[in-house]
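Undergrad: Sharing a sequence plus its predicted fold:
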Amino acid sequence: MLELNGVETFYGTIQALFGMSLRCERGQVTTLLGRNGMGKTTTVGSIIGTLQSRSGEIRFNGEVISGRPAYEVAQLGIGLVPEGRQIFPNLSVRENLVATAANYSNGDDPWTLDKVLDFFPMLRERLNNQGALLSGGEQQMLAIGRALMLNPRLLILDEATEGLAPMVRQEIWRRLEQLKRSGLTILLIDKNINEFTHIADQHFIVEKGRVVWHGNSDALSGNAELKARYLGI
Ligand code: ATP
């Protein structure tokens, strides 16, 4: 569904991606792993069009999306749960969910406000609360719910469980597992690797702006040296 080939992205004169290549297969959970500052968020920005890569190619459903503006990439069906959640603090939960809603995947059973509230019942209880008044976990559910309201074909989550309590993280893994079962394709960036290998299919490890290893969950779980060397665990 998504393919990056030799992507190079810069911040001014500073190069952050050095030939990034990866693939996300339809219906699978793919992860992008690596220590801080290795280029994961830059990869996400390059995919969604908030950063323009200088060379290489990014394809989504066979169509070249590198070089296209972020709003067009979103309309093609790539939804993002951004690092730091970035919900609208002064809008209510309801407003956060409906503000950007769309049916970009043209599915016949799209996500609606009611469906998202059934999926995250705690959001229904907070429907008229301002985003800023939610707990970290509730804000994260809201950020995921908001991305689902775009009805994406590919959902990207950048550090969705950062700073959350273990029980809340477990809740998020359960929801992502449900989304995977529903057929959604997911690209996951997260540090709590041991908690999600069971729902993930393929992993790509990034070091200094390029992929240094990729393989499935069994290959990753069984390779302690790899995890120690590139992930520090
Ligand atoms: P983290 O988990 O800390 O977010 P990351 O793997 O997502 O790390 P990136 O944020 O993509 O890494 O950063 C990749 C490289 O690009 C780093 O060397 C970083 O210092 C650099 N970088 C990121 N943002 C900028 C920026 N706005 N200006 C200049 N350099 C940047």
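TA: It's in.

Undergrad: Next one: residue 160 relative to residue 123, how far apart?
TA: 15 Å (C-beta to C-beta, to the nearest Å). Every C-beta, even on glycine, is put in place using the N, C-alpha and C of the backbone.

Undergrad: higher neighbour count, those two?
TA: residue 160 (26 against 23; other C-beta atoms under 10 Å).

Undergrad: Could you tell me whether that one really is in a strand?
TA: No: remark: residue 160 does not belong to a strand; assigned using DSSP: H, G, I helix; E, B strand; the rest coil, it is coil.

Undergrad: Leaving out sequence neighbours, find the closest residue to it.
TA: Excluding its sequence neighbours, the residue lying closest to residue 160 (C-beta to C-beta, 6 or more residues apart in numbering) is residue 81, at 5.3 Å.

Undergrad: Would you enumerate the residues in contact with that neighbour?
TA: 140, 143, 144, 147, 155, 156, 157, 158, 160 (C-beta atoms under 8 Å, 6 or more residues apart in numbering).

Undergrad: so how far is the ligand from it?
TA: When distance is defined by C-beta to the nearest ligand atom, to the nearest Å, residue 81 is 14 Å away from the ligand.

Undergrad: Mind listing the residues bridging to that residue?
TA: Beta-bridge partners of residue 81, counted by DSSP bridges, are residue 157.

Undergrad: Okay, strands next: where are they in this structure?
TA: Assigned by DSSP state E, the chain shows strands spanning 2-11, 14-24, 29-33, 55-60, 63-64, 78-81, 154-158, 185-189, 202-207, 210-216.

Undergrad: Return the set of buried residues in the fourth one.
TA: It stands for strand 55-60. By neighbour count with 16 or more other C-beta atoms under 10 Å, strand 55-60 contains the buried residues 56, 58, 60.

Undergrad: Okay, helices next: where are they in this structure?
TA: Applying DSSP state H to the chain gives helices spanning 40-48, 70-76, 93-98, 113-119, 121-125, 136-148, 166-181, 193-196, 217-221, 224-226.

Undergrad: just checking, residue 101 touches residue 150?
TA: Yes: counting by C-beta atoms under 8 Å, residue 101 does reach residue 150; the two are 6.9 Å apart.

Undergrad: who's more crowded, the two?
TA: Between residue 101 and residue 150, counting by other C-beta under 10 Å, residue 150 is the more crowded of the two (22 against 17).

Undergrad: Could you tell me how many residues sit around the residue nearest to that one when sequence neighbours are not counted?
TA: Nearest non-adjacent residue to residue 150, counting by C-beta to C-beta, 6+ apart: residue 79, 4.6 Å away. Other residues near residue 79 number 25, with proximity taken as other C-beta under 10 Å.

Undergrad: try residue 85
TA: 22.

Undergrad: go on, the one 4 residues further on?
TA: Burial of residue 89, expressed as a neighbour count using other C-beta under 10 Å, amounts to 13.

Undergrad: Wait, it touches residue 134, no?
TA: No: with contact defined as C-beta under 8 Å, residue 89 does not reach residue 134; the gap is 9.3 Å.

Undergrad: coming back round to it: contacting residues for the residue nearest to residue 150?
TA: Contact partners of residue 79, counting by C-beta under 8 Å, 6+ apart, are 104, 147, 148, 150, 151, 152, 154, 155, 156.
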